[in-house]
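Return a 3D structure for these sequence lines:
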Amino acid sequence: MIEQEYTLEEISYSLKEDSRIMESVLSGWFNNPKTLNFVSPSLSYPFQFKKWIAVSYASHMDQTTTTVLKHRDWIIGHLSMRLEGTNAHIFHLFIDPVYRNKGLATKMIHEVEHHGHKLGALHFTLNVVKKNKAAISLYQKLGYEKYGQSSTEYIKMNKTLETD
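Numbers count the residues shown, from 1 in each chain. Modelled structure (predicted):
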């Protein structure tokens, strides 16, 4: 991977232009029920951008940071983090299938953890669909541990960062 080809950029669903671009990107990514279910099981197929915003972002817009990964100005990855005090919840990680298995999800998670830590987060949580074995394996390699289930579909995982 040549680092210069990949850039991380913060976007906001509250900005009209960012939303317009992300609606197009996400609609292309979530073009089948399985993919949408792995990223956002609470949404039904077909993907509806307005529902995506209403369910996951609208009520917590000021506490949520969304980062996109770009390759030559083309969005190829997405990850959001909601911060509440010293707790941060990571959600909606997605890497375009063409760019998977290149360490890009790891790069995004590390960057979001670093950003969250700078803002005071010490504890990170996430939910992952039980059937998403690749994601579970990735999170475990990054130090996340299983600590429960939020439903029959999700596994809860967490990680505590060391204090400086």
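
buried residues in stretch 39-57?
Residues 39-40, 43, 47-49, 52-53, 56-57 are the ones in stretch 39-57 that count as buried (16 or more other CB atoms under 10 Å). No exception for glycine: its C-beta is placed from N, CA and C like everyone else's.

What ranges does this structure have for its strands?
Ranges of strands in the chain, per DSSP state E, are 6-11, 64-71, 74-84, 87-95, 123-129, 145-148, 154-160.

ok, K16 to L79 distance?
22 Å (CB to CB, to the nearest Å).

what about the two, which has more around it?
Using other CB atoms under 10 Å as the criterion, K16 and L79 rank with L79 on top: 21 against 9.

follow-up on the earlier one: mind putting the buried residues of stretch 39-57 in TSV, pLDDT and distance to I90 included?
Formatted as TSV, the buried residues of stretch 39-57 follow (pLDDT from 0 to 100; distance: CB to CB, whole Å):
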residue	pLDDT	distance to I90
V39	95	12
S40	93	13
L43	94	18
F47	98	21
Q48	98	23
F49	98	21
W52	97	17
I53	97	18
S56	94	12
Y57	95	14
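
Just give me the closest of these to K70.
Closest to K70 out of these is V39 (18.7 Å), distances taken as CB to CB.

so that closest one makes contact with S80?
No: in this structure V39 lies outside contact range of S80 using CB atoms under 8 Å: 10.6 Å.

which neighbours do the two share?
Common neighbours of V39 and S80, using CB atoms under 8 Å, 6 or more residues apart in numbering, are H92.

What distance do you get for I21 to D73?
From I21 across to D73, the span is 11 Å (CB to CB).

Low-confidence stretches in the chain?
Applying pLDDT under 70 to the chain flags residues 1-4, 164.

For the residue lying closest to W29 once chain neighbours are set aside, which residues count as its bridge partners?
Spatial nearest neighbour of W29, excluding adjacent residues (CB to CB, 6 or more residues apart in numbering): F94 at 6.1 Å. The partner list for F94 in beta bridges (DSSP bridges) reads H78.

Would you agree F94 is in contact with H78?
Yes: using CB under 8 Å, F94 is in contact with H78, at 4.9 Å.
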